[in-house]
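S.K.: Dropping a prediction and its sequence here:
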Amino acid sequence: MKIALLAGGIPGASGSAATAAALAGAFASAGHSVHVVTRAGPGGGGSHQVRGRVWVHRLQPVAADHGEARSTGSLAAMAAACVARLCRGPGLDVVECCDASIASVLLLARALGQVPVPV
């Protein structure tokens, strides 16, 4: 199965990022391909890494305007776009939102069409 896990937390921290990391490891150990879509760490830019059967997509949201704090809405939109690309590319069977706001779920539902999005 091809699975995407969305986590709004910063990688390496507790919370949704830690939950996504644990789930990714368990799913990969069971033979599934896993894409983790999360926020880049402080000071880090966006990146993509492959670790065995786990692809980690770290997204760096853009500041809204004039150095304002990076917005959750921006991250949600970038995550939806990343998952939509994965659906068109390798395809996905399911997307799990480990940390989902209403906006994230609505953006994903619109982007994914027929892919299940458990919350």
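M.R.: Perfect, I can see it now. Residues are numbered from 1 along each chain as shown.

S.K.: Which neighbours in the sheet does the helix or strand where Ala4 lies have, and how are they oriented?
M.R.: Assigned by DSSP states H and E, Ala4 belongs to strand 2-7. Sheet pairing for strand 2-7, assigned by DSSP bridges, gives strand 33-39 (parallel), strand 94-97 (parallel).

S.K.: out of these, which comes closest to Ala77?
M.R.: Ala77 lies closest to strand 33-39 among these, at 12.1 Å (Cβ to Cβ). Any C-beta I mention is one placed from the backbone N, CA and C, and that applies to glycine too.

S.K.: I'd like the average pLDDT over that closest one.
M.R.: The average pLDDT within strand 33-39 is 88.

S.K.: Now that strand - C-alpha only, CSV.
M.R.: Coordinates of each C-alpha in strand 33-39 appear next as CSV, following Å, rounded to 0.1, in the frame of the first residue of the first chain:
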residue,chain,number,x,y,z
SER,A,33,5.7,2.7,1.0
VAL,A,34,5.2,5.8,3.1
HIS,A,35,5.5,9.5,2.4
VAL,A,36,5.7,11.8,5.4
VAL,A,37,4.8,15.4,4.6
THR,A,38,5.8,17.8,7.4
ARG,A,39,7.2,21.2,8.2
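
S.K.: Beyond it, next helix or strand please.
M.R.: strand 47-51.

S.K.: list the helices and strands that next one packs on?
M.R.: Applying 3 or more Cβ pairs under 8 Å, 6 or more residues apart in numbering; DSSP states H and E, one finds that strand 47-51 contacts strand 54-59.
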